[in-house]
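> Dropping a prediction and its sequence here:
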Amino acid sequence: MTEILWWYWVVFGLVLVALELVIPSFTIIWFGLGACCVGLLMLPFPTLPLAGQLLLWGGFSTLWTVLWFRRFKPYMTDRTKAGMSKDAIIGETGIVIQAVQPPHVKGRIRFVVPLLGDEEWPCICDEALKAGDEARVLDIEGHVLRVARK
């Protein structure tokens, strides 16, 4: 029987990682990383039996998949609301940073999470708002938000 060398696993893993570029499923990469881990583990343990290597490959692949879904993916989500519809930002709450004096003086409002790609927006309101007040988005009128005191 042919002996499987450590670098066979590393090359196999890199091929699987490269396949992710062709087949963007975002699952093959975890099997590729698992194969690379087996290859690196075989450096100090070159006589590891094939069954053990396959078992380790399955274990490392599962570990990488679980780490992705449990640890890394939650931090990689896009928290901005850029490109979302008008309905997605109605009801969002922000802090007034420049006072609003109805009916003609627009103020500015800032959001913790950018709305439609921007953290600050000009705003209008039916009542006077001072800097530091908390306000809720009621509507979008052109490039200006209509807000109400929260």
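Structure received.
> My impression was that Gly94 belongs to a helix - is that right?
No. Secondary structure of Gly94 (DSSP: H, G, I helix; E, B strand; the rest coil): strand, not part of a helix.
> For it, grab the count of nearby residues.
Applying other CB atoms under 10 Å, we find 25 residues neighbouring Gly94. Yep, even glycine has a C-beta here, placed from its N, CA and C like the rest.
> That one bridge partners, please.
With beta bridges defined as DSSP bridges, Gly94 has these partners: Ala135.
> all strands for this structure, in order.
Listed in chain order, the strands of the chain (DSSP state E) span 93-98, 107-115, 118-125, 134-141, 144-149.
> Extract the C-alpha set from the last one and format it as CSV.
By that I understand strand 144-149. Extracted as CSV, the C-alpha positions of strand 144-149 are listed here (Å, rounded to 0.1, in the frame of the first residue of the first chain):
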residue,chain,number,x,y,z
VAL,A,144,-34.5,64.4,4.6
LEU,A,145,-35.9,62.2,7.4
ARG,A,146,-39.2,63.1,9.1
VAL,A,147,-38.8,62.2,12.8
ALA,A,148,-40.8,62.4,16.0
ARG,A,149,-39.6,62.6,19.6
